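In: Sharing a model prediction with you, sequence too.
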Amino acid sequence: MPSHPSIARRPVAWGGDHTADAIADLLAASPAHHVSGELIRKRLKLTRSAVWKAVGRLKREGYGIAASPHLGYRLDREPDTPLPRLIRNGLRARTIGGAIHAFRTVSSTNDTALALAEQGCPDGTLVIAEAQTGGRGRLGRRWHSPAGSGLWFSVVLRPKLAASGAQALTFLGAVATARAVRDLHGVPMTLKWPNDLFLEGRKMGGVLTELSAESDLIRHAVIGIGFNVNLPAAAWPPELKAIATSLQAAAGGPVPRVPLLRRILEEMETRYAFLQRSGPAALVDEARALTPMIGKIVRIQHLGQVREGTVVGMDPDGALLLRSAAGTVERLLAGDVSILR
Ligand code: BT5
């Protein structure tokens, strides 16, 4: 079992403090109105200093709260931060996001989720961070995950699937994200097989699925999703400037992250239930429909091997079918695709 540095260093969880949750709820019930300190103390059976501490905590989490010695506390603004209480508020999913672990910073949400999965966390557990210091892509590549601007999260699943069917789980993350973005913001994301979310030739998101399997049966899987929501064009590191984009560029302005996250989780929930009942065929169909690659001539690189050919389809398990110039058709399970024409 590999060690998980993000867990070993015990990153500080945020949100999830019951006193702060209760005060946030109470203030949110009377937005823009003062709620007296006395009412809060009585209603929640708290001391003056416990209220004061919890309000301080909410402010550090980004809440705009005005405090007046005579009038009490007034909620002016909730942050657009993926805190458990804000994510749960109106979430129409029970399994996905049924348990939420949120952090200000972790190394990689996938590492934290894998460690929680080993410890037996429930199916659908969500791990989310404002920033990652060691966000990962496939084959150990780095995933740029700065604070305050993206959705960087992982979901633990315990699907009834053979390890060889894991491609469907990557599709589950990618298709759910693409659908949520299209439905909420009208932005037509495409899937660049096998795991990238693209808009007009630039990458807006990616999915990293990692598994623990035993004799070809999945024990648990972690679907890690990175999606660029509000990264301003000027803030990209040089190596990503020409290849990456974020939703705010397409939507014409900043986009609230928490409602988008909730929608992605809900889209995952319906597809996961269907996958458990009926297998991966419907998900693969959805992924195929989002993949504008069929008929294109492509170059696919994987672990030092390069293949060129025409994409002629996608197998029921999500493998790409590539026809070479010599006419043979090969099934590919992974790789980096460049579209040649
Ligand atoms: C992926 O890998 O696209 C999967 C990314 C998964 C990230 C999520 S965040 C939550 C969870 N926790 C993690 O640690 N990971 C997951 P791949 O197809 O290998 O693409 C990696 C490549 O994408 C990099 O080599 C860069 O070229 C590019 N890249 C890195 N950061 C990016 C970003 N923020 N936006 C667009 N492209 C990026």
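Out: Arrived safely. Residues are numbered from 1 along each chain as shown.
In: If we ignore the residues flanking it in sequence, what's nearest A282?
Out: F274 (6.0 Å; C-beta to C-beta, 6 or more residues apart in numbering). C-beta here means a position set from N, CA and C on the backbone, and glycine is covered the same way.
In: any idea of the mean pLDDT in the helix or strand hosting the one you found?
Out: Following DSSP states H and E, the helix or strand that holds F274 is helix 257-278. What helix 257-278 shows for mean pLDDT is 97.
In: Run the angle between whatever helix or strand comes next after it and helix 257-278 for me.
Out: Per DSSP H and E, the first helix or strand lying C-terminal to helix 257-278 is helix 281-289. Using axes from the mean of the first three to the mean of the last three C-alpha atoms, to 10 degrees, the direction of helix 281-289 lies 130 degrees away from that of helix 257-278.
In: What average pLDDT does helix 281-289 get?
Out: 95.
In: what packs against the next helix or strand after it?
Out: For helix 281-289, the following helix or strand on the C-terminal side (DSSP H and E) is strand 297-302. Where contact means 3 or more C-beta pairs under 8 Å, 6 or more residues apart in numbering; DSSP states H and E, strand 297-302 is packed against strand 305-314, strand 320-323, strand 336-339.
In: Same list, these, but as CSV with mean pLDDT and mean neighbour count please.
Out: Below are the helices and strands packed on strand 297-302 laid out as CSV (pLDDT from 0 to 100; neighbours: other C-beta atoms under 10 Å):
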stretch, mean pLDDT, mean neighbour count
strand 305-314, 96, 16
strand 320-323, 96, 20
strand 336-339, 94, 16
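In: The ligand: which of the ones you listed is closest?
Out: Nearest to the ligand among the helices and strands packed on strand 297-302 is strand 336-339; the distance by C-beta to the nearest ligand atom comes to 7.1 Å.
In: how far is that closest one from where the chain is centred?
Out: 24 Å (C-alpha atoms, centre = their mean, to the nearest Å).
In: just to revisit the earlier point, so what does the helix holding F274 touch, helix or strand wise?
Out: Using 3+ C-beta pairs under 8 Å, 6+ apart, helix 257-278 sits against helix 84-88, strand 150-157, helix 167-185, strand 217-228, helix 281-289.
In: Domain map for this structure?
Out: 18-77, 84-289, 297-339 (automatic domain parsing).
In: out of the ones you listed, deepest packed?
Out: Most buried of the domains of the chain, by mean neighbour count (mean count of other C-beta atoms under 10 Å): domain 84-289, with a mean of 19.
In: and that domain, how far apart are its ends?
Out: 33 Å (C-alpha to C-alpha, to the nearest Å).
In: and that domain with the ligand, contact?
Out: Yes. Domain 84-289 comes into contact with the ligand (C-beta under 6 Å from any ligand atom), by way of 108-110, 132, 135-138, 141-145, 152-154, 195-196, 203, 206-208, 224-226, 228, 240, 244.
In: quick check, distance from that domain to the centre of its chain.
Out: Distance, centroid of domain 84-289 to centroid of chain: 3 Å (C-alpha atoms, centre = their mean).
In: Could you check which residue of this structure lies nearest the ligand?
Out: Taking C-beta to the nearest ligand atom, the chain has G206 as its residue nearest the ligand, at 2.0 Å.
In: Which strand residues bridge that residue?
Out: Note on G206: beta-bridge partners by DSSP bridges are D196, G226.
In: Test my guess that it contacts L197.
Out: Yes. G206 lies in contact with L197 (C-beta atoms under 8 Å); the separation is 6.7 Å.
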